[in-house]
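Student: sequence-free structure coming up:
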């Protein structure tokens, strides 16, 4: 990332914080608890996937290489399909 891009990104982040403070957003206990539960669910899901993968193919160098190959194949498939994925950050 070039220096100018880093400066631009830092300025956008600073502006986002200032906008949030200016709008006087309030702390929402419910939203934070739901976010914590959702994150816990995602972590538990991937822990299960990881454990299942280890059970099926073992824990060796070949297992690691197979994981890399499968992961790259999935990412390449999404790229070639032109799948539009959700982005949490605004573009620009």
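Tutor: Looks like it came in fine. This one's a predicted model, so the numbers in the text were calculated from it and none came from an experiment.
Student: C-alpha only now, for contacts and for neighbours.
Tutor: Fine.
Student: so what does the helix or strand of the chain with the lowest mean pLDDT touch, helix or strand wise?
Tutor: Least confident element among the helices and strands of the chain, by mean pLDDT, DSSP states H and E: helix 3-22 (a mean of 74). Judged by 3 or more C-alpha pairs under 8 Å, 6 or more residues apart in numbering; DSSP states H and E, helix 3-22 is in contact with no other helix or strand.
Student: after that helix, which helix or strand is next?
Tutor: Tracing the chain past helix 3-22, the next element assigned as helix or strand by DSSP states H and E is helix 29-57.
Student: residues of that next one that come out buried?
Tutor: Using 16 or more other C-alpha atoms under 10 Å as the test for burial, helix 29-57 gives no buried residues.
Student: check the burial of residue 73 by counting its neighbours.
Tutor: Residue 73: 12 surrounding residues under other C-alpha atoms under 10 Å.
Student: can you list contacts of the helix or strand where it lies?
Tutor: Per DSSP H and E: residue 73 is located in helix 61-81. Contacts of helix 61-81 from elsewhere in the structure, counted by C-alpha atoms under 8 Å, 6 or more residues apart in numbering, are 54, 57.
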